[in-house]
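S.K.: have a look at this fold, sequence not included:
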């Protein structure tokens, strides 16, 4: 087997393992998450470039969590609005939806 072919196969295998591992951890975090009440503390809904995401900063128990979302979803929120989000205490992560 040529060295270049071996390197390409190795790189693809590493990428697949990394993707599966990351996906499994994300699924575990979402299963652990419980609904809680939090407050929207900052909004940046305008997207200047095509690849931009809107930013929603949410405060829960004195901590700020940044959540990137679509522009359409961002405009549904208002500053200081109390919303229901999902929080995983074990992983210290916050989600807008499961």
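M.R.: In hand now; what should we look at? Predicted model only: the values in this text are computed from it and were never measured. Numbers count the residues shown, from 1 in each chain.
S.K.: so when I look at residue 22, I'm seeing a strand, right?
M.R.: No - counting by DSSP: H, G, I helix; E, B strand; the rest coil, residue 22 falls outside a strand, being helix.
S.K.: dump the residue contacts of the residue nearest to the spatial centre of the chain.
M.R.: In the chain, the residue lying closest to the centroid (Cα atoms, centre = their mean) is residue 67, at 6.1 Å. Residue 67 makes contacts with 55-58, 94-96, as judged by Cβ atoms under 8 Å, 6 or more residues apart in numbering. The C-beta positions use only the backbone N, C-alpha and C, and glycine is treated the same way.
S.K.: so what's the backbone phi/psi at it?
M.R.: Dihedral angles of residue 67 (phi, psi; degrees, to the nearest 10) stand at phi -130, psi 130.
S.K.: quick revisit: which of the contacts of residue 67 count as buried?
M.R.: 55-56, 58, 94-96 (16 or more other Cβ atoms under 10 Å).
S.K.: what's the most distant pair in those?
M.R.: 55 and 95 (14.8 Å; Cβ to Cβ).
S.K.: the strands in the chain, which residues?
M.R.: Secondary structure of the chain by DSSP state E: the strands cover 34-44, 54-60, 63-69, 82-88, 93-95.
S.K.: what's the offset of the third one from the middle of its chain?
M.R.: Its chain's C-alpha centre and that of strand 63-69 lie 8 Å apart, by Cα atoms, centre = their mean, to the nearest Å.
S.K.: what residues of it count as buried?
M.R.: By neighbour count with 16+ other Cβ under 10 Å, strand 63-69 contains the buried residues 65, 67, 69.
S.K.: contacting residues for the last one?
M.R.: When you say that, I think you mean residue 69. Counting by Cβ under 8 Å, 6+ apart, residue 69 touches 53-56, 96.
S.K.: got these as JSON lines, with pLDDT and distance to residue 87 columns?
M.R.: Shown next, in JSON lines, are these (pLDDT from 0 to 100; distance: Cβ to Cβ, whole Å):
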{"residue": "53", "pLDDT": "88", "distance to residue 87": "21"}
{"residue": "54", "pLDDT": "90", "distance to residue 87": "21"}
{"residue": "55", "pLDDT": "90", "distance to residue 87": "18"}
{"residue": "56", "pLDDT": "92", "distance to residue 87": "15"}
{"residue": "96", "pLDDT": "85", "distance to residue 87": "11"}
